[in-house]
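Engineer: based on what follows, work out the 3D shape:
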Amino acid sequence: MQRKKAKISLLQRWERYLSPTIFVLLILYQSPIHSETNQNFKVEHWEDAQNTFALKDIQTKAASNTLNRENFFNFGFSKSAHWFRLTELPKNKDILVIQAHNIDQVDFFIPNTRGEYILKRSGSSIPMSERDSQHRAFIVSVGDLPENASIFIKMKSDISLQFGVSFQNFQELFADDYQSQWLYGLFFGFIFLIFLYNLAIAVVVRDINYFYYVGYVFFFAFGQLSLLGFFQYFFVPEHPHLMKVGIPFFFSGSIGLFALFTSNFLKLKKRMPIAFRMTKVFWVASILNMIFALMGQVYFSAQFVTWEVLVFSIFIISIIIIGFRRRIRNFYYFAAAFLILMLACFVYGILKLFPIGSNTFIEEMLFPVASLADITLFSFALADRIQLLRLDKDRALKQLERHEKERQISRDILMQSLPKTIPQIHNLNIQLFIQPMKQVGGDFYEFYSPNKSELGTLLCDVSGHGIPASLISAMGKVAYSTQKENLFSPKRVLEGMNSVLYGNCTPQYLTAAYVYLNTQTSVWRFGRAGHPSLYLQRASGEIIKVHPKGKIIGAFPHLQFEEISYPMESGDRVLILTDGVTEAFNPLEEMFGETRVMDFMIKMRKLPAIEFKKGLVHNLEQYTKKSLKEWEDDITFILLSLE
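Structural biologist: Numbers count the residues shown, from 1 in each chain. As a prediction, this is how the structure comes out:
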């Protein structure tokens, strides 16, 4: 029910968020940043493949083609120089505007009243201080032109040659600049806020996805500043070579970081291994292209990044489609945020690579509008994703609390099921220590004493922990309770327990150590089933490591166990323990081990049994540098001491 409500909430959010976003996009499209009205002047075009023509050559040559009074031109990537003649010029328009920002060379040949042509140089390769007008576009004042005058323009660029042409008066130019400053100011201001917001989140949550996304936003923003001419105008007005490098450098960086973001956000390494490897290819290609751009190979790097944008957009759209078909939730968020941007990238790549008709709005506003939608929708997507993650977290916490209660109940039941009293055997002191881990432990012990002279002591360690271990412990206790008639024989007790448990506790198992003593017959009998060794210490201090042969219980049928007997002597001590004692580690990852156990027994031989127990616990805590409650395994040992 909660998941259903979350899905309904998600749909309602998208209905609210998409509607105003689409509305804003339509308004922007209907309000282009520059005038798109058809001009009345005529444009003729020459292509100079060798870049050898001079003005006088153009004046005597027939035009290659007439561009039918268009006001936006797209020649794609071209190493040629391109000449244009503008005739039938409008009246009362004294400013000629080439609406572009990345054309290396723009030479204007303006006629004066004497019929002479005056060269006015502009272009992104010209420092701002040397231009006729310091503007991010390429503009010149044409003044009062003679009757039937013609204006010639020569252009050459390493970047794709796309531009608009218009004649304006001062008031129109001022109005365009005022509108563009407001729109671009809001756009870049919003980008800056998003950058700071995600940077703050990245620092707080330390999620690599946020760092990749912040890096992408940073490089994308500077790519936009370069593409729209603001980078040169505000940051490097006298260093045009940096302006030329900016577009391929920053956009390559943004693609590389977006590829890493995509790979991590969508977990492509696990879900789509081939796509994951492709993102690494895009990352390496982007780094190499950034190096080419810094080396001055602008024509190559600009073409490369344009092809990369086109191929990358197809790649992203493809994995979105695959994710949709597999119904992976992360892909829905990703698509909602970035599908518009990827479609814009595809259109951008086509327009830059091929001479297809376009307009100023698409040239200047395609990326800003798409990226604005991308950033806005991604913020909403993150908000919804965080909301669902919060619901998942709350549900997981409740489930964890429920499991914790179940474990605590199982732990309490197990502890309550352990013997409450220690049997009273003539001249025998029994000391017991058990410390289960935080979860339900797997250690348990049992005593059986039919009289004051006989005692059977069982210590078991179940594989694993938690509720399954507690269930096997309960089964082990039941299996032991069926072996009371075999009290005197460790071999029979362990074999009988295995016959009961085999096939009923798979895949888990238990290890066991069993000791039988009889003070009347003065005998010790030992048996072991995959358990750590037992230790018999004589009054003299001599330690006998008792290690009867025997495999784990519950994993194999028809097991045979070895039984070892020793005569009982006054002052004997027997130590039975689980591997939680011998496998205790210190901070250097060194194990406590059997040697330290025996060394401790020798040093503490003369201590009373109760002090022996306290001393061993203290010794373990000192060795591991932490309290027993912090250990990762159960700690259990039993000391049988003859007075």
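
Engineer: skipping its backbone neighbours, what lies nearest residue 534 in space?
Structural biologist: Among residues not flanking residue 534 along the chain, residue 546 sits closest, at 4.3 Å (Cβ to Cβ, 6 or more residues apart in numbering). Glycine gets a C-beta too; all of them are placed from N, C-alpha and C.

Engineer: my read is that that neighbour contacts residue 563, right?
Structural biologist: No - the criterion here is Cβ atoms under 8 Å, and residue 546 misses it with residue 563 at 10.8 Å.

Engineer: now do the shared contacts for these two.
Structural biologist: Counting by Cβ atoms under 8 Å, 6 or more residues apart in numbering, the common neighbours of residue 546 and residue 563 are residue 526.

Engineer: thinking again about what came up before, neighbours of the residue nearest to residue 534, how many?
Structural biologist: Using other Cβ atoms under 10 Å, the number of residues around residue 546 comes to 20.

Engineer: could you do the one 4 residues further on as well?
Structural biologist: Residue crowding around residue 550 was assessed by other Cβ under 10 Å; the count is 25.

Engineer: the one 4 residues further on now?
Structural biologist: Residue 554 has 29 neighbours, counted by other Cβ under 10 Å.

Engineer: how is the protein partitioned into domains?
Structural biologist: As given by automatic domain parsing, the domain ranges for the chain are 2-31+177-392, 42-168, 418-642.

Engineer: so how far does the last one reach from one end to the other?
Structural biologist: Taking Cα to Cα, to the nearest Å, the first and last residues of domain 418-642 lie 24 Å apart.

Engineer: equivalent analysis for the second one, please.
Structural biologist: The first and final residues of domain 42-168 sit 16 Å from each other (Cα to Cα).

Engineer: now it: average pLDDT?
Structural biologist: With pLDDT averaged residue by residue, domain 42-168 scores 88.

Engineer: ok, back up a step: how about the domains of the chain, which one is nearest residue 402?
Structural biologist: The closest of those to residue 402 is domain 418-642. By Cβ to Cβ, the value is 12.0 Å.

Engineer: circling back: got the contact list for the residue nearest to residue 534?
Structural biologist: By Cβ under 8 Å, 6+ apart, the contact set of residue 546 is 526, 528, 533, 534, 535, 536, 564, 566.

Engineer: columns secondary structure, distance to residue 514 and neighbour count on top of these, output as a markdown table?
Structural biologist: Shown next, in a markdown table, are the contacts of residue 546 (DSSP: H, G, I helix; E, B strand; the rest coil; distance: Cβ to Cβ, whole Å; neighbours: other Cβ atoms under 10 Å):
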| residue | secondary structure | distance to residue 514 | neighbour count |
| --- | --- | --- | --- |
| 526 | strand | 7 | 25 |
| 528 | strand | 8 | 26 |
| 533 | coil | 13 | 19 |
| 534 | strand | 9 | 25 |
| 535 | strand | 15 | 20 |
| 536 | strand | 14 | 21 |
| 564 | strand | 11 | 18 |
| 566 | strand | 14 | 16 |
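
Engineer: quick one: which of these is nearest residue 422?
Structural biologist: Out of those, the one with the shortest distance to residue 422 is residue 534. That distance is 18.6 Å, counting by Cβ to Cβ.

Engineer: contact partners for that closest one?
Structural biologist: Residues in contact with residue 534, defined by Cβ under 8 Å, 6+ apart, are 513, 515, 526, 528, 545, 546, 547, 574, 575, 576.

Engineer: if you rank the residues you listed by neighbours, which is first?
Structural biologist: Counting neighbours by other Cβ under 10 Å, the top entry in the contacts of residue 534 is residue 513, with 29 neighbours.

Engineer: what number of residues are in the vicinity of the residue lying closest to it once chain neighbours are set aside?
Structural biologist: Distance criterion Cβ to Cβ, 6+ apart; nearest residue to residue 513, sequence neighbours excluded, is residue 531 at 4.3 Å. When neighbours are counted by other Cβ under 10 Å, residue 531 registers 25.

Engineer: gap between the spatially closest residue to residue 228 that is not a sequence neighbour and residue 500?
Structural biologist: Nearest non-adjacent residue to residue 228, counting by Cβ to Cβ, 6+ apart: residue 101, 5.8 Å away. As for residue 101, its distance to residue 500 is 86 Å (criterion: Cβ to Cβ, to the nearest Å).

Engineer: higher neighbour count, the two?
Structural biologist: residue 101 (24 against 19).

Engineer: spit out the contact partners of the more buried one.
Structural biologist: Listed by Cβ under 8 Å, 6+ apart, the contact set of residue 101 reads 124, 136, 137, 227, 228, 229, 232.

Engineer: tell me the two of the residues you listed that are most distant?
Structural biologist: Spatial extent of the contacts of residue 101 (Cβ to Cβ) is set by the pair 137 and 227 at 12.7 Å.

Engineer: sketch out the low-pLDDT regions of the stretch 151-300 of the chain for me.
Structural biologist: 205 (pLDDT under 70).

Engineer: show me where it has its helices.
Structural biologist: Using DSSP state H, counting those that start in this stretch, the helices of the stretch 151-300 of the chain run over 170-205, 208-227, 230, 240-265, 268-271, 273-294, 298-326.

Engineer: deepest of these, which one?
Structural biologist: helix 240-265 (a mean of 23; mean count of other Cβ atoms under 10 Å).

Engineer: residue 543 against residue 573, yeah?
Structural biologist: No - counting by Cβ under 8 Å, residue 543 stays clear of residue 573, with 9.2 Å between them.

Engineer: which residues do those two both contact?
Structural biologist: The overlap between the contact sets of residue 543 and residue 573 (Cβ under 8 Å, 6+ apart) consists of 536, 537, 601.

Engineer: any idea of the pLDDT on residue 456?
Structural biologist: On pLDDT, residue 456 comes in at 95.

Engineer: quick check: what element follows the helix or strand harbouring it along the chain?
Structural biologist: Under the assignment given by DSSP states H and E, the secondary-structure element containing residue 456 is strand 454-462. Proceeding N to C from strand 454-462, the next assigned helix or strand is helix 467-481, under DSSP H and E.

Engineer: CA atoms only: put that next one into CSV for me.
Structural biologist: Presented in CSV, the C-alpha positions along helix 467-481 are these (Å, rounded to 0.1, in the frame of the first residue of the first chain):
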residue,chain,number,x,y,z
ILE,A,467,17.8,-17.2,14.5
PRO,A,468,18.9,-20.3,12.4
ALA,A,469,21.7,-20.9,14.8
SER,A,470,19.4,-20.7,17.8
LEU,A,471,17.0,-23.3,16.1
ILE,A,472,19.9,-25.7,15.6
SER,A,473,21.0,-25.1,19.2
ALA,A,474,17.5,-26.1,20.4
MET,A,475,17.7,-29.2,18.2
GLY,A,476,21.1,-30.1,19.6
LYS,A,477,19.8,-29.9,23.1
VAL,A,478,17.0,-32.2,22.2
ALA,A,479,19.4,-34.6,20.6
TYR,A,480,21.6,-34.6,23.7
SER,A,481,18.6,-35.3,25.9
